[in-house]
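A.B. asks: Coordinates for the following, if possible.
(chains A, B and C)
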Amino acid sequence: MTGKSRKTVQVIILLAILMLGVYAIVTVVMGKEGVPKEGDQVPGFKLLGSDGAVHTLDDFDGQAKVINFWGTYCEPCVREMPALQEQWLKWKDQGVEVIGINVGEDKMTVENFAQKMGVEFPVLMDPNRDAVSDFRVGPMPTTFFVDSSGRIHHIRIGQLDLETLDKQIEQLVNGS
Amino acid sequence: MSLIDFSSDAFIVAFFLYCLAFTFYGVAVMGRRFRKREPEAHTAKWGKIAFYTAVIGLIAQLTYFVTRWIWSGHVPVSNMYEFMTFLSMAIMIAFIVLYILYRKSLLGLFALPLAILIMAYAAVFPQEVQPLIPSLKSYWLGIHVTMAALGDAFFAVGFVAGLMHLLRTVNFGSSDKSSRREQRWLEFCMFMIVVLIGFIVSVYSFRAGGYHAEFSQMKWNEETQQEQVVTVDYDMPPIVAPYDSQAISVQSFIGMQDSFFEAPSWMHGINAARKLNTVLWSVFSGLILYGLLRAIIRRPLAKMIQPALGRMDPDDLDEISYRAIAIGFPIFTLGGLIFAMIWAEVAWGRFWGWDPKEIWALITWLFYSVYLHLRLSRGWQGKHSSWLTVIGFIVVMFTLVGVNLIIAGLHSYAGTD
Amino acid sequence: MSEELKGLIVNTKCECGHQNPVGTVLCEACGKPLADEAASQDILEMRYDGVARRSQKENPGVIDLVWNFFSSVKVAIYLIIMTTIGSMLGSIYPQESTFLNIDPSVYYKEEYGQLGHIYYLLGLSHTYTSWWFVLLLVMIGASLVICSLDRVLPLYKALSRQRVPKHMSFLTRQRVTLQTDVNNEGTAWVDRITPLIRKKGYRVRTDGGTLLAEKQRFSRWGPYVLHIGLIVFLLAVLARGLPGLHMDTHMGFQEGEPKQIPDTSYYLENDGFTVQFYSEEDLPDEFKGKGKVLPEKFETQAILYECEANCDLGQEPELKEVMRHQIEVNHPLNYNGLKAYQFDYDLTPTIISVSPTLVHADSGEEFGQFTLNIRNPERTYEVGPYTMTLKEKYSDFGLNAEGKPSNMSSSQNAPAFLFLIQGPDLPEDGVQYFYFPKQIDKERFQQDALNKQLGGGELRFNLEVGSMEDVELSQSTTYLNIRIDKAMPFVWVGAGIGMLGLVLGFYFQHRRIWLRVDDGKLTLGAHTNKNWFGLRKEISSILKQMDLEVDEKSLVNNGGSQE
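C.D. replies: Numbers count the residues shown, from 1 in each chain, chains lettered A, B, ... in the order given. Next up is the predicted model:
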């Protein structure tokens, strides 16, 4: 082997090790902190909606999203529903979608509830808590504010009032 | 007589045969001093007698093993008593393999007491046959544990030869700095062995005396999320009581009515204070024992033993030590790591889970791979390498015993408390 | 080796005329010690047969420096030691991953005090997924590759072109050596000893009055085979993290209800779960009389289905049975790499459906029976002359802070149904009726009193369940750990290769004997990579057959110095 080809082999091997090393460290460190943070890309989902159709994250492509995890058994969730509905009406024409993800309950419970509360924004159902584990949702309500490019702008844990919600959506739309 | 009683008897027979074999080794070495004529022949003859006695002892122990297996229906390596017993048997097997390879019968003078000590330690634990929980019901239990123990046994024999090498080569005549350091550390090893004997002596003495003490302690129960009163039983007089505890009953022992102090709050593992108490008693009785020995022989133990090894070639000892480890390393890799991974994959669906026992098996493996690299690539032979075998043995024993005592994990089934 | 380098090399030409590369310790051709090695009087350093490592060269650049770093055994040893210490640190307290639901920032402080908190702050509570631990493993991997490459290729070359005649000092400075008079002509003596050595399994080559005997050379490749195995192992472990190759999830399965395994087209059904406990007399003494139970065996009769059509969410899937297996601890289900392990179980029964009969509260007159699926009920039921419309349904009924009926959780603890009954003799907008299928809830929430109140002070109807046949129960829930691990076979292949390497390296020994007879004087040198004792014994027994009594011990080369 000549000196030159030997050097090439060395460089290739070292590069391969470097790439594998970086990959190993990145995956293991990311894997542990798989909790979505502000600034991260929002996790995908594929869930049945209360309208009977299957919805995925891609269906809301290009829109700013307010993703709210809730349940009828969670009182603060119930209390913030009117605010979400109101903001949905206010912003839906400006490219903002409010998506409610119900955690663990069945279709009829969700339908009854939506009817009673006058909820019109799309509600998806997560009976097996798949989305909950992907989003690493702990206590509820938890609301993810996602900008039109799919980046998480803000994560809110706890009840939202009308004003904060409005302010958050405004920031989301104005991209500040 | 039921099979299980026969099995226990075979165990006791094996124990006494080993003790007898050890005595014969003693005769082989000590006797040469009194026989002026043909000391070589004397050593060879008694060495042979001792070796065959040890072999018969091993047959007795194998009888124990097989009959217990038949009686209980599973390979008897499922709790601490059974495991330690098996380890002592494996050490005997490893010793015999190396004897066949090198024909150095004197190796037995040191391998036997190790096997005897481990057998005595085994008998500290409850000896009844215990039913298996579902996760242990696998033929991998037998394969993994026996192979790993056999690998460890070769490491133990490597340690025995390494220690003999050190006893043979450390220069007691010299008083320069490095020699003195070696002398001190070697004597410390001797002391630790005496402490181990002290532990066994104190356990059996207090057990024979039927000693008992009881404490009540407030404990936080993680499952019920409540404070709970638990009783802690002591089988040795309490030098140290559990943290935040009240004495229920304490038998008097030479005027000792109550504990001297309480364990610190961070020692709140299961029975942590009792374990600390046992350690204190072991060190205490070890110190007395060691003091007595020193008072009688009037020089360091290591220095007293050295002449007994005078006829052995240090290079041979070094090679035996290395060879034992070279034989043990692949066995340990297969039994302690690969079979362990296969079983873990079958039982829990993950071949590796960073369980403390797994971690320490890996540490043992990494340690001996360092030993091998240092020896093969960097020329660490002789004393350097012998010291490593001593440290290696400590790592092995920590993996087998220390992890169960101090860090509990999936392997806590082994019946330690 | 490179031509251009030759110009730079100053002093590596051996007296036998062979040109050696930089870093050569023993002449590649005749074995004469070179440079520093020649000056010393000790036993020759025979590792890698004295050839130059590939990486050794003058004026190294950056690439060479990095390469040399990983090529050093010393560095490798330090890496292993650091990994060992790191592993030890990680075993002090339980790792975060052993707990399912904890907040490590408070847990370690609460459970282990200040020390535990420091442990957490140092990041040791996730040692094995920390960047530095993985970095150490990566560096060990790099060291495995580069160390091996640098040594195995030159070693291979050196061993495959060995020359028979060796320099005198090469022989006399082996660890096993002998010089003695044989009073015999060289070639004849060598011819006589050759078959004796062959009998011991050696391959023998002769060259006039010189001889080279060698056996089990393959043992030399053992360490490198082990290293290859370890690299395969590490790469396989790394590959497990690739998307799609790995899944690990825990799922609960109620009896009789196929459930989809996420991200696959497979459904698994629990077709019955059984558990056996040890009887009191079988229990160990420490458990006796404490009311503890110890399971002897638990198993799930599992049926695995594959979805054939209508597989999308919200549709009724068409399932085809592909496998049946009794899942037990240590006996997982395995279907083309999809594995289901018995993990846990729950013996609380849950109601799947009830078939109550609508009766008149006073007369007991039966109007009709219907089947109510607890999870997926219908909106309306026609029962005799009456229409029952389901207005509300609860899975875990209770009253919220405002005193209104509400779900307390999403679990099926206390199912409750609010019906609107319409029909003959009833007010136009019907009467409301609360139904609690579980007896315990009926009493807890006073079903009759509640319905009396809803009926304006009159209890008109009752929903009654005649016998247990009208209740469909799931006796238990089994929890399975569902796993897919497509990289696993490579993990085992790596472990297997490594094991093969260990066996080659440790249970076989590469032995070589060189000898030359000069003017009736025999000079012998021998080398092995382990078990010198055995080598000496072998040589001694061969020489004995040549009528040379040589004590095994006298073959040891003391280098003229120690002992």
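
A.B. asks: Is there proximity between the lengthiest helix in chain A and chain B?
C.D. replies: When chain A is parsed with DSSP state H, its longest helix is helix A:3-32. No - Helix A:3-32 lies out of reach of chain B by C-beta under 8 Å from any C-beta of the partner chain, never closer than 12.6 Å. Bear in mind the C-beta positions are built from the backbone N, C-alpha and C, glycine included.

A.B. asks: Equivalent analysis for stretch C:257-273, please.
C.D. replies: No - using C-beta under 8 Å from any C-beta, stretch C:257-273 never reaches chain B; the gap is at least 13.3 Å.

A.B. asks: before we move on, back to that, pLDDT averaged over the longest helix of chain A - what is it?
C.D. replies: Across helix A:3-32, pLDDT averages out at 84.

A.B. asks: ditto for stretch C:282-290
C.D. replies: Averaged across stretch C:282-290, the pLDDT comes to 65.

A.B. asks: now swap in stretch C:448-456 and tell me
C.D. replies: What stretch C:448-456 shows for mean pLDDT is 77.

A.B. asks: how about it: buried residues?
C.D. replies: C:Leu450, C:Asn451, C:Leu454, C:Gly455 (16 or more other C-beta atoms under 10 Å in any protein chain shown).

A.B. asks: can you confirm A:Arg156 is in a strand?
C.D. replies: Yes - counting by DSSP: H, G, I helix; E, B strand; the rest coil, A:Arg156 falls inside a strand.

A.B. asks: Based on its surroundings, how many neighbours for it?
C.D. replies: Neighbourhood size, A:Arg156 [other C-beta atoms under 10 Å in any protein chain shown]: 17.

A.B. asks: And C:Gly496, how far from B:Gly31?
C.D. replies: Counting by C-beta to C-beta, to the nearest Å, the gap from C:Gly496 to B:Gly31 is 51 Å.

A.B. asks: three-state assignment of B:Phe206?
C.D. replies: helix.

A.B. asks: what sits against the residue of chain B found nearest chain A?
C.D. replies: As assessed by C-beta to the nearest C-beta, chain A sits closest to B:Trp354 within chain B, at 12.6 Å. B:Trp354 makes contact with C:Gly90, C:Gln95, C:Ser97, C:Tyr128, according to C-beta atoms under 8 Å, 6 or more residues apart in numbering or on different chains.

A.B. asks: quick one: contacts for the first one?
C.D. replies: Under the criterion of C-beta under 8 Å, 6+ apart, the contact partners of C:Gly90 comprise B:Trp354, B:Ile359, C:Leu124, C:Thr127, C:Tyr128, C:Phe133.

A.B. asks: any idea how far the fourth one lies from A:Thr27?
C.D. replies: Note on C:Thr127: its distance to A:Thr27, by C-beta to C-beta, is 17 Å.

A.B. asks: helix or strand right after whichever strand or helix holds B:Trp387?
C.D. replies: Assigned by DSSP states H and E, B:Trp387 belongs to helix B:383-397. Next helix or strand after helix B:383-397 toward the C-terminus (DSSP H and E): helix B:403-406.

A.B. asks: If you count contacts, what does the least confident helix or strand in chain A by mean pLDDT end up packed against?
C.D. replies: Ranked by mean pLDDT, DSSP states H and E, the weakest helix or strand in chain A is helix A:162-174, scoring a mean of 78. Applying 3 or more C-beta pairs under 8 Å, 6 or more residues apart in numbering or on different chains; DSSP states H and E, one finds that helix A:162-174 makes contact with strand A:64-70, helix A:75-91, strand A:96-103, strand A:142-146, strand A:152-157.

A.B. asks: Mean pLDDT added to the ones you listed, as a markdown table?
C.D. replies: What follows is the helices and strands packed on helix A:162-174, written out as a markdown table (pLDDT from 0 to 100):
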| stretch | mean pLDDT |
| --- | --- |
| strand A:64-70 | 86 |
| helix A:75-91 | 84 |
| strand A:96-103 | 86 |
| strand A:142-146 | 86 |
| strand A:152-157 | 82 |
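
A.B. asks: ok, now which ones touch the residue of chain C most remote from its centre?
C.D. replies: In chain C, counting by C-alpha atoms, centre = their mean, C:Asp425 sits farthest out from the average C-alpha position, at 71.0 Å. Applying C-beta under 8 Å, 6+ apart to C:Asp425 gives no contacts.

A.B. asks: Then B:Leu117?
C.D. replies: B:Ile193, B:Leu196, B:Ile197, B:Ile200.

A.B. asks: Run a quick neighbour tally on the residue in chain A that chain C sits nearest to.
C.D. replies: Closest approach between chain A and chain C, counting by C-beta to the nearest C-beta: A:Gly104, at 3.0 Å. By the criterion of other C-beta under 10 Å, A:Gly104 has 18 neighbours.

A.B. asks: what do you get for the one 5 residues further on?
C.D. replies: Neighbours of A:Thr109 under the rule other C-beta under 10 Å: 21.

A.B. asks: tell me which element B:Val13 is part of?
C.D. replies: Under the assignment here (DSSP H and E), B:Val13 is part of helix B:3-34.

A.B. asks: in that helix, what counts as buried?
C.D. replies: In helix B:3-34, counting by 16+ other C-beta under 10 Å, buried: B:4, B:7-8, B:10-11, B:13-15, B:17-22, B:24-25, B:27-29, B:32.

A.B. asks: for the stretch 101-250 of chain B, what spans make up the strands?
C.D. replies: B:213-221, B:226-234, B:240-241, B:245-250 (DSSP state E, counting those that start in this stretch).
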